[in-house]
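# Structure, please.
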Amino acid sequence: MKSIKLFTAIIAVSLLSFTSCNSKKAANECDTYLKNYEDYMNQCIAIGKKMEKEPNNPEIITEYTKLMSKAAEFANSSPAACKDDKEFAAKFLQIQSKIVVGMSDEIKGTSESKLDNQALKNYDVILDDFEKAIAKSEGKVKNGKLSQSDYSEMMDFPSKIGNGELNKTDKELEKVLSTEQAKRLVKLEERYTKLTLLTVN
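Have a look, this model is predicted:
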């Protein structure tokens, strides 16, 4: 969960760059931009997985910082001719969705027999609260957008729900969640990350 939250900042910045392929030249520019953006997202997934394993490694943190700087470049360099082009938007979002799949398939969970029953119940409550919060935000979406205040509130879910338990790395969560809880969290993460891809009013 921690890595997904880190990269929502990159996704959010890049999402501002939606900029229409009205000519062959423009189409080529859009294709080149999308190719470079896909390469960039693959780098995000790779560094995200490294951070899950070594969250305090200075070299990995430096690499992550460089990727954050590159996000701003994408936000400012998308071809002006691509604005509002449906095909471009669809491909763009498809590439972004790779971060959801790439960073959400790590949590496997632990056999319930090896976990404390009370701890399992506590995480059931946390997951229930997370699901309710996500559903509440989904209900506020209008024309694919959230208000600034609703978006900010949604971005704070992992920090506020369950005293920040959802901010643990996937490897940490894997040790305290049952297999079924882990599967549930992965699905909730996908819904949550889709919300982070929304634009803001």
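# I'd like the secondary structure assignment at L93, please.
Assigned with DSSP: H, G, I helix; E, B strand; the rest coil, L93 falls in the helix class.
# for the lengthiest helix in the chain, packing partners?
Of all segments of type helix in the chain, defined using DSSP state H, the longest is helix 24-53. Where contact means 3 or more CB pairs under 8 Å, 6 or more residues apart in numbering; DSSP states H and E, helix 24-53 is packed against helix 2-15, helix 58-77, helix 86-104, helix 170-176. C-beta here means a position set from N, CA and C on the backbone, and glycine is covered the same way.
# does Y37 really touch K91, like I thought?
No. Using CB atoms under 8 Å, Y37 is not in contact with K91, being 9.1 Å away.
# Check which residues of the longest helix of the chain are buried.
26-27, 29-30, 33-34, 37-38, 40-41, 44-45, 47-48, 50-52 (16 or more other CB atoms under 10 Å).
# Quick check: can you list the domain ranges of this structure?
The chain breaks down by automatic domain parsing into domains covering 2-104, 112-200.
# And the average pLDDT for the shortest one is what?
For domain 112-200, mean pLDDT is 87.
# That one: end-to-end distance?
One end of domain 112-200 sits 40 Å from the other (CA to CA, to the nearest Å).
# so how far is that domain off the chain centroid?
Put simply, domain 112-200 sits 12 Å off its chain's centre (CA atoms, centre = their mean, to the nearest Å).
# how big is the angle separating the longest helix of the chain from helix 58-77?
Between helix 24-53 and helix 58-77, the angle comes out at 160 degrees (axes from the mean of the first three to the mean of the last three CA atoms, to 10 degrees).
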